[in-house]
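Asks: next one to model:
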Amino acid sequence: MKKLISRTRKAEDAIVDMTPMLDVVFIMLIFFVVTASFIRDPGVEITPPGAFSGISQEKKSFRIAITKNGEIWFNGQRIDIRKVRPILTRVKAENPNSSLIILVDKKATTDTLISVMDSSRQAGIVDIAVATRQQ
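Replies: Numbers count the residues shown, from 1 in each chain. Take a look at the predicted model:
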């Protein structure tokens with residue numbers, strides 16, 4: 001009878017508790033989701049102008065696009081020029097250290113580009129870049 005009892009105790013001791021490992025995996029998942037930077041494309045195809053002196057943006061940024069027809073796109077939706085400032089004010093409040101990258105088609109008018117830049121500065125965004133492609 002004694003041997004039977006010792007066997008069951010050994011079997012109980014061999015069980016591995018998975019709860020701490022699941023906690024660690026869950027914490028790692030939360031860490032990666034929080035620290036990941038998601039770049040949302042505006043949702044349209046743009047042919048940016050070429051430049052020899054373009055530099056890469058390293059900061060977390062969001063993008064707004066201007067098509068050759070003068071349409072303004074943000075997060076896959078076409079927006080009116082009057083909505084640019086309120087949208088950018090909200091985005092700036094959510095991400096105070098982020099910058100704005102304007103993807104402008106090379107055939108777009110500068111009037112639309114200047115309007116978007118002016119609205120973004122009024123929204124409090126001072127770090128603005130215009131996307132180019134390498135020549």
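Asks: got the domain ranges for this protein?
Replies: 2-35, 50-134 (automatic domain parsing).
Asks: for residue 125, what are its contacts?
Replies: 88, 92, 99-100 (CB atoms under 8 Å, 6 or more residues apart in numbering). No exception for glycine: its C-beta is placed from N, CA and C like everyone else's.
Asks: cool, and residue 117?
Replies: 102, 128.
Asks: repeat that with 10 Å
Replies: Residues in contact with residue 117 (CB atoms under 10 Å, 6 or more residues apart in numbering) are 64, 84, 100, 102, 104, 110, 125, 128, 130.
Asks: okay, it: pLDDT?
Replies: Turning to residue 117, the model gives it a pLDDT of 92.
Asks: for the protein, which segments count as strands?
Replies: Under the criterion DSSP state E, the chain contains strands at 50-51, 61-66, 72-74, 77-79, 99-104, 128-130, 133-134.
Asks: pop out the phi and psi values for residue 70.
Replies: Here is the backbone geometry of residue 70 (degrees, to the nearest 10): phi 90, psi 10.
Asks: got a list of what it touches?
Replies: Contacts for residue 70 (CB under 10 Å, 6+ apart) come out as 81, 105, 107-109, 111-113, 115.
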